[in-house]
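Undergrad: coordinates only, sequence not included:
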């Protein structure tokens, strides 16, 4: 299985500010998808954003955007204009040819009012 | 609400016992996935079913088994439970078969506590 690494256990951001979460992965595959999932205190896993490895353009969903660097195997998530409801644990995930979505350890985001 | 229903939400049992976790996928979704989330192991893929057939298998213990029924709901059976099996068990569903781009919709999970 591929390894997904999230090196930041916790991040704190002021409301309305921007925070960037890091994710790196290890793979020898060329075709794969990358995902960011959000897990709020309700425990529900919610898909935030998805990126196809073949697409050079970075995915964007409202205030959430990614910086996908394929050569560097890096997939960071930027949350702009942070809101209190963004407080959650965020998981980076990789889905490759074994179709077994592999998750990183997660980053807990705290939003300060 | 993701549309994926998991029951029960909480389960407390003793070591050596057997439990069954149930999952109803979103309407129209043919694939069901089971994941285990624990503090030490993180989120681990267990198994996937598509339209009643097993499609992919992860680090699922032999004490664990799953199946998907004709109405597409799925059950995860955990037997000879150990303290280390305490975890949050997620079910997820998706529309299609194995694919790299499948969007998974997760249920709220079943919190299993083995005492």
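TA: Now that the structure is in, tell me what you want to look at. Every value quoted in this text rests on a predicted model; they were computed, and no experiment measured them. Numbering: from 1, shown residues only, chains lettered A, B, ... in the order given.

Undergrad: tell me, what residue is most central in chain B?
TA: For chain B, the residue nearest the mean C-alpha position is residue B:34 (2.9 Å; C-alpha atoms, centre = their mean).

Undergrad: Spatially nearest residue to that residue, not counting backbone neighbours?
TA: Using C-beta to C-beta, 6 or more residues apart in numbering or on different chains and skipping residues adjacent in sequence, the residue nearest residue B:34 is residue B:46, 4.2 Å away. Any C-beta I mention is one placed from the backbone N, CA and C, and that applies to glycine too.

Undergrad: which SSE is that neighbour in?
TA: Assessed by DSSP states H and E, residue B:46 sits inside strand B:42-50.

Undergrad: still on that earlier bit, and the residue nearest to residue B:34, how many residues sit next to it?
TA: 21 (other C-beta atoms under 10 Å in any protein chain shown).

Undergrad: per-residue confidence for it?
TA: For residue B:46, the pLDDT comes out at 94.

Undergrad: Let me know whether it touches residue B:65 as I believe.
TA: No. Applying C-beta atoms under 8 Å, one finds residue B:46 not in contact with residue B:65, separated by 10.2 Å.

Undergrad: Quickly list what's touching both of the two.
TA: Residues touching both residue B:46 and residue B:65 (C-beta atoms under 8 Å, 6 or more residues apart in numbering or on different chains): residue B:76.

Undergrad: and the residue nearest to the centre of chain B, that one's in a strand?
TA: Yes. According to DSSP: H, G, I helix; E, B strand; the rest coil, the state of residue B:34 is that of a strand.

Undergrad: Tell me the spacing between it and residue B:60.
TA: Distance of residue B:34 to residue B:60, computed by C-beta to C-beta, to the nearest Å: 8 Å.
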